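Q: coords please:
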Amino acid sequence: MRLSQLGEFNLIKKLRMSSASAAPEILKGIGDDTAAVKIRGGITLITTDMLIEGIHFDLSFTTFYQLGYKALAVNISDILAMGGKPKYFLVGLAAPGHFTSNHIDELYAGMRALANKFKINIIGGDTCASKHGLIISGTLIGKCNKIIPRSGAKTGDAIFVTKTLGDSAMGLLLLKKFKFHPDLFGTNFKISDAKCKISNNKFTVRSILPLLKRHLQPEIAPVKNTKGINSMIDISDGLLIDLSHICDESKTGARIYLDQIPVSGELAGTAKKLKVNPMGFALKGGEDYALLFTAPASFKTNAFRIGEIISGERFVVHPDGREKAFKPEGYEHFKEGGKKSTGKKFK
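A: Next up is the predicted model:
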């Protein structure tokens with residue numbers, strides 16, 4: 001059924017039924033003017049991220065399920081970057097009338113899949129018509145006992161990231177080149193039969209699927225133990241620009257080592273075929289949603305150590321020992337030539 005036929009209030013009824021929660025602290029969920037949640041003690045964290053068709057996503061190679069999943073994932077990453085635990089999600093949705101209720105069901109199915117994994121309740125939002133594509137605005141509320149700011153880095157701290165970098169940016173490049181709709185989770189797409197070609201290089205979809213998935217449905221990599229971490233941020237705009245945010249706020253410099261920055265085998269292999277440097281994707285790609293944090297050098301963690309906080313300048317160290325100053329390069333909204341990917345607020 002088209003949304004123009006279903007109407008706003010019937011859509012809200014559907015969403016209210018599908019997102020109902022029995023959590024005792026939720027006094028009001030979907031269906032009233034506000035959601036009401038009884039929160040006892042602790043610090044409440046609130047973040048919001050907007051995804052706009054044509055700016056942040058392209059429906060020619062993104063399913064509604066993947067989009068819903070990502071709309072929540074980008075917000076979870078923000079809460080985790082503050083040392084918090086995500087709890088409640090509100091969704092503002094502006095959709096063209098020719099979309100169907102099945103599209104919205106699929107969108108919410110993606111959100112709920114990730115919400116269930118992190119025990120997040122979807123408690124409300126807003127819906128309205130749009131004449132200029134789909135817009136999703138997610139607001140996530142979380143809690144923590146102690147926030148981890150960007151401003152806490154200290155000279156001598158080690159610098160860590162929680163997972164490999166650059167996969168999402170390479171995945172986006174491939175999706176734009178191929179221009180097909182990879183239904184990674186559907187039943188109609190025969191992955192083993194699909195092949196594609198870029199610059200005379202042949203790929204099977206199976207070989208690049210992890211890269212596509214890491215862009216369409218980014219994996220969230222929390223830090224298990226945050227006690228002892230001095231500063232933290234999530235990498236949404238690129239390692240160089242997000243590390244620069246920590247340095248700016250903490251009034252420090254940094255030194256990172258190229259041969260210690262984790263790169264997946266899929267990215268390395270694909271970059272080799274395309275004859276491009278995988279480090280370009282790892283340093284400036286963005287939308288990794290890895291956590292970047294600093295802590296004393298003795299800090300025990302499974303994260304990857306990539307450098308150290310120093311006073312003064314910011315350097316990249318090449319494998320041969322050469323040091324080169326780096327700039328905060330990555331994604332920034334409104335800048336000419338900026339890539340169309342998920343941005344960040346207030347950076």
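Q: At the geometric centre of the protein, which residue sits there?
A: residue 74 (3.7 Å; CA atoms, centre = their mean).
Q: Show the residue spans covered by the helices in the stretch 201-347 of the chain.
A: In the stretch 201-347 of the chain, the segments counted as helices under DSSP state H, counting those that start in this stretch are 205-216, 239-250, 265-274, 278-284.
Q: For stretch 82-98, buried residues please.
A: Neighbour-count burial for stretch 82-98 flags 82-96 (criterion: 16 or more other CB atoms under 10 Å). The way it works is simple: take the backbone N, C-alpha and C, and place the C-beta from them, glycine included.
Q: hmm, which two among these are most spread apart?
A: Farthest apart among the buried residues of stretch 82-98 by CB to CB are 83 and 96. That separation is 38.7 Å.
Q: Using the three-state scheme, assign residue 165.
A: coil (DSSP: H, G, I helix; E, B strand; the rest coil).
Q: Counting neighbours, what do you get for the closest residue in space to it that isn't next to it in sequence?
A: Once flanking residues are discounted, residue 165 sits nearest to residue 282: 4.1 Å by CB to CB, 6 or more residues apart in numbering. Close neighbours of residue 282, defined as other CB atoms under 10 Å, add up to 29.
Q: Please list all residues in contact with residue 282.
A: By CB atoms under 8 Å, 6 or more residues apart in numbering, the contact list for residue 282 reads 164-166, 239, 261-263, 267.
Q: Quick one: buried ones out of those?
A: Applying 16+ other CB under 10 Å to the contacts of residue 282 flags 164-166, 239, 261-263, 267 as buried.
Q: Name the nearest of the residues you listed relative to residue 301.
A: Distance ranking of the buried ones among the contacts of residue 282 against residue 301, using CB to CB, places residue 262 first at 13.2 Å.
Q: got the buried residues for stretch 15-26?
A: Neighbour-count burial for stretch 15-26, counted by 16+ other CB under 10 Å, picks out 15, 19, 26.
Q: cool, and stretch 221-228?
A: Residues of stretch 221-228 classed as buried: 221, 223, 226 (neighbour count, 16+ other CB under 10 Å).
Q: Next, the distance between the ends of it.
A: End-to-end distance for stretch 221-228: 18 Å, by CA to CA, to the nearest Å.
Q: So what touches it?
A: Here stretch 221-228 makes contact (CB under 8 Å, 6+ apart) with 80, 83, 148, 162-163, 229, 232, 289-291, 293, 295-296, 299-303.
Q: In ChimeraX, select just the buried ones from these.
A: In ChimeraX syntax, the buried subset of the contacts of stretch 221-228 is picked out as below (16+ other CB under 10 Å):
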select :80,83,148,162,163,229,232,289,290,291,293,295,299,301,303
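Q: Just the contacts of stretch 221-228: which are in strands?
A: Residues of the contacts of stretch 221-228 located in strands (DSSP state E): 232, 290-291, 293, 295.
Q: Those residues: which two are farthest apart?
A: Spatially, the most separated pair among those is 290 and 295, at 15.2 Å (CB to CB).
Q: okay if I get the ones in strands among the contacts of stretch 221-228 as JSON lines plus pLDDT and distance to residue 200?
A: Listed next are the ones in strands among the contacts of stretch 221-228 as JSON lines, based on pLDDT from 0 to 100; distance: CB to CB, whole Å:
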{"residue": "232", "pLDDT": "95", "distance to residue 200": "43"}
{"residue": "290", "pLDDT": "95", "distance to residue 200": "33"}
{"residue": "291", "pLDDT": "96", "distance to residue 200": "38"}
{"residue": "293", "pLDDT": "97", "distance to residue 200": "41"}
{"residue": "295", "pLDDT": "98", "distance to residue 200": "46"}
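Q: Which one of those is nearest to residue 3?
A: Closest to residue 3 out of these is residue 290 (36.0 Å), distances taken as CB to CB.
Q: how near is the closest one to residue 77?
A: Per CB to CB, to the nearest Å, residue 290 is found 9 Å from residue 77.
Q: tell me, what's touching the two both at once?
A: residue 234.
Q: I'd like to know how many residues surround residue 127.
A: Neighbours around residue 127, by other CB under 10 Å: 16.
Q: host element of it?
A: Here residue 127, judged by DSSP states H and E, is contained in strand 121-129.
Q: ok, residue 299 touching residue 156?
A: No - using CB atoms under 8 Å, residue 299 is not in contact with residue 156; the gap is 11.6 Å.
Q: Compute the mean per-residue pLDDT across stretch 261-272, please.
A: Averaged across stretch 261-272, pLDDT comes to 94.
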